[in-house]
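A.B. asks: fold the following, please.
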Amino acid sequence: MKNLDVYKTTWENDEVHVNVLFSAAGVGTTILLTSKFTGKMMLLDVGDGATRDLLASQENSEFINEIDLIAISHGHFDHVGGLYSLFGFMRMLGRTKPLNIIIAPNCKEVIEIIRGYRELHRTTLPFKIWYHEISPGSDFDTDFFKVKSYEVEHYSLEHSSDLEDELLEPAHGFRVQVGGTIIAYTGDTRMCSSAEMVVKDADLALIEATRKTTPESGRRVHLSTEEAEKLGALAREYRLIHTIPETK
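C.D. replies: Below you'll find the model as predicted:
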């Protein structure tokens, strides 16, 4: 991974600044939304190195108090690997505001990370960590961000079952409204109608494009570049993220 800048991108309008701090398949994805009205922040996924990337993108560490909400698309390590260290950094610098995290129902990886951290630091944790399992089609609103969740189809290769219905991960895509701006994030998914609903007419769509080509058969775990671009055409603008890292 020689040129890390290819795994980053930014976008903005008068209402929101979008910073894909880093997104590479199997490494980590962290996306930061910042309201230009309030300075409040939201994270979409918290991949490995998220705290480092947040520090590199900010003039100071005030983001520890400005992060209003976190939305986790699913529990795979490259989307949740930075949660524990982010909690630790917030604890070290004395965050006191409650932290809300929204997840797909039964997203066990995130639930266990949160429960484990709360248990380990139950007497010295200066802020509450709450997780909310939101059902597909549900809304979750704060004073600064309005989120609608969609269940997407992300198969998991970790399971041994041959039954496709049992291979689906608890996985969501999100539409986030900041002022009048809609930011869409597919999370990881194959092509499906719900992925189309996530990105349709969004001001900006962040779309995973893990595969370089579209396979003719077999289990579909991720989008190809061709499929991602087709989805992107449904939005006003789009960026392709979550590509497989170059190792040479």
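
A.B. asks: who's the nearest residue to T186 once chain neighbours are set aside bridged to?
C.D. replies: Distances taken as Cβ to Cβ, 6 or more residues apart in numbering place G173 nearest to T186, at 4.6 Å, with adjacent residues excluded. In short, each C-beta sits where N, CA and C put it, glycine included. For G173, the beta-bridge partners under DSSP bridges are Y150.

A.B. asks: what's the local residue count around G173?
C.D. replies: With neighbours defined by other Cβ atoms under 10 Å, the count for G173 comes to 31.

A.B. asks: what sits against it?
C.D. replies: Applying Cβ atoms under 8 Å, 6 or more residues apart in numbering to G173 gives the contacts S73, S149, Y150, V152, A184, Y185, T186, G187, T189, S194, A195, V198.

A.B. asks: how much space between the fourth one and G39?
C.D. replies: Spelled out, it's V152. V152 sits 30 Å away from G39, going by Cβ to Cβ, to the nearest Å.

A.B. asks: grab the longest helix from the chain for me.
C.D. replies: Ranked by residue count, the top helix of the chain under DSSP state H comes out as helix 108-120.

A.B. asks: buried set for that helix?
C.D. replies: Using 16 or more other Cβ atoms under 10 Å as the burial criterion, the residues of helix 108-120 that qualify are E109, V110, I113, I114, Y117.

A.B. asks: and it, what does it pack against?
C.D. replies: helix 77-80, helix 83-92, strand 99-103, strand 129-133 (3 or more Cβ pairs under 8 Å, 6 or more residues apart in numbering; DSSP states H and E).

A.B. asks: and that helix, how far out from the chain middle?
C.D. replies: How far helix 108-120 lies from its chain's middle: 18 Å, per Cα atoms, centre = their mean, to the nearest Å.

A.B. asks: in the chain, where is pLDDT below threshold?
C.D. replies: The chain contains residues with pLDDT under 70 at 1-2, 157-166, 216-219, 247-248.

A.B. asks: how near is the residue of the chain most remote from its centre to R91?
C.D. replies: Here the centre of the chain is the reference, and by Cα atoms, centre = their mean the most remote residue is T123, at 29.6 Å. In this view, T123 and R91 are 12 Å apart by Cβ to Cβ.
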